[in-house]
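>>> no sequence on this one, just coordinates:
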């Protein structure tokens, strides 16, 4: 990989673990790694609101917890409402002189189900109202915690338990919902995509989202060996391939201006990404070619926005 694309650019990264080890995530869970990276970038002066889902389940089985910062568990659909309510209450208490402004940061965590599906309405409202918060969607592309059911973030052609592949079905029959672009449509100050396979890029974007002021949204691809059907030691490789094939390009949108984070001279064939995952093993060459065409088209549209 050329130097400009190096994943190992020196950074000053804290050794303190605000998301402590000992949780019960699956072996090879990239989502747990992503949460760890995000929490390192967040620091201590935060309040995290977390939807029901994988993160909440594996991190907080009573009476134990991995959270070393203030953390609130809320219902699947409620993160946008709760995090905006906590932020508004904090600002009101400052205005009334009841507390000093400690510059606390407010952060929402949700999976793709809690973000793209049943939590989209309150998240949209929080962004539209202009609350000062950062929202991180940890996207493992299905409802993994409850049994690998499809979500609107599940990619076309993928097998899930509620969109199974068979003689009459290819699996998921709709294309993945573009949540970053939905966030951009709210004209908020900061939107970005990220992946734990690119840890420094991820942490840099979290810091930007915290500092920019106003609503910020980061969509984090979180490969899942259990739901995607690949060996647990390949999670980092899955993230790399998603980016290198153009399936999940890394970019940021700052006040409406698009910036590509990694611009590869040549994208790898999408087939290299699909063939590593059991959830796509049933796909024919024709369907893989259709997916390739879709990825090429979406990547071209992104490049036009960047230019």
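That came in fine, so what should we check first? Remember, predicted model here, so these are calculated numbers, not experimental data.
>>> Run through the helices of the stretch 101-250 of the chain in chain order.
112, 120-129, 179-185, 199-211, 225-228, 235-244 (DSSP state H, counting those that start in this stretch).
>>> Give me whichever of those is most buried.
A comparison of these by mean neighbour count, using mean count of other C-beta atoms under 10 Å, puts helix 112 on top with a mean of 28. For the C-beta atoms, the positions are set from N, CA and C on the backbone; glycine is no exception.
>>> That one: how far from the chain's middle?
Taking the mean of its C-alpha atoms, helix 112 sits 8 Å from the chain's own mean (C-alpha atoms, centre = their mean, to the nearest Å).
>>> what mean pLDDT would you report for that helix?
Confidence for helix 112, expressed as mean pLDDT, is 98.
>>> ok, now stretch 252-263?
97.
>>> ditto for stretch 221-231
Stretch 221-231 comes out with an average pLDDT of 98.
>>> And for residue 187, the neighbour number?
Number of residues near residue 187 (other C-beta atoms under 10 Å) recorded here: 14.
>>> Using the three-state scheme, assign residue 50.
strand (DSSP: H, G, I helix; E, B strand; the rest coil).
>>> Name whatever forms a beta bridge with it.
Beta-bridge pairing for residue 50 (DSSP bridges): residue 73, residue 109.
>>> As TSV, the helices of the stretch 101-250 of the chain with distance to residue 253 would be great.
Shown next, in TSV, are the helices of the stretch 101-250 of the chain (distance: least, C-beta to C-beta, whole Å):
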stretch	distance to residue 253
helix 112	19
helix 120-129	13
helix 179-185	5
helix 199-211	11
helix 225-228	27
helix 235-244	17
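>>> who wins for proximity to residue 71 among the ones you listed?
Checking the helices of the stretch 101-250 of the chain against residue 71 by C-beta to C-beta gives helix 199-211 as the closest, at 16.2 Å.
>>> Show me which positions of the lengthiest helix in the chain end up buried.
In the chain, assigned by DSSP state H, the helix with the most residues is helix 285-306. Buried residues in helix 285-306, counted by 16 or more other C-beta atoms under 10 Å: 287, 288, 291, 292, 294, 295, 298, 302.
>>> Let's have those in TSV, adding distance to residue 192.
Formatted as TSV, those follow (distance: C-beta to C-beta, whole Å):
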residue	distance to residue 192
287	30
288	29
291	24
292	25
294	22
295	20
298	17
302	13
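>>> Tell me the one among these nearest to residue 93.
Distances from residue 93 to the buried residues of helix 285-306, taken by C-beta to C-beta, are shortest for residue 302, at 41.7 Å.
>>> show me what contacts that closest one?
Listed by C-beta atoms under 8 Å, 6 or more residues apart in numbering, the contact set of residue 302 reads 249, 251, 258, 260.
>>> switch the cut-off to 6 Å
Listed by C-beta atoms under 6 Å, 6 or more residues apart in numbering, the contact set of residue 302 reads residue 249.
>>> rewinding a little: nearest to residue 82, of the helices of the stretch 101-250 of the chain?
That would be helix 120-129 among the helices of the stretch 101-250 of the chain, by C-beta to C-beta, at 8.2 Å.
>>> Mind giving me the packing neighbours of the closest one?
Here helix 120-129 touches helix 79-95, going by 3 or more C-beta pairs under 6 Å, 6 or more residues apart in numbering; DSSP states H and E.
>>> quick one: low-confidence parts of this structure?
Applying pLDDT under 70 to the chain flags residues 1-11.
>>> hmm, which two among the buried residues of helix 285-306 are most spread apart?
287 and 302 (22.7 Å).
>>> Roughly how far does the most centrally placed residue in the chain sit from residue 282?
Most central in the chain under C-alpha atoms, centre = their mean is residue 220, positioned 2.2 Å from the mean C-alpha point. Separation of residue 220 from residue 282 (C-beta to C-beta, to the nearest Å): 27 Å.
>>> Surely residue 203 is in contact with residue 41?
Yes - using C-beta atoms under 6 Å, residue 203 is in contact with residue 41, at 4.0 Å.
>>> how far is stretch 115-130 from where the chain is centred?
15 Å.
>>> Kindly report the same for stretch 120-133.
17 Å.
>>> quick one: contacts of that stretch?
With C-beta under 6 Å, 6+ apart, stretch 120-133 has contacts from 80, 81, 83, 84, 87, 106, 186, 188, 214, 215.
>>> Among those, name the buried ones.
For the contacts of stretch 120-133, buried by 16+ other C-beta under 10 Å: 80, 81, 83, 84, 87, 106, 186, 188, 215.
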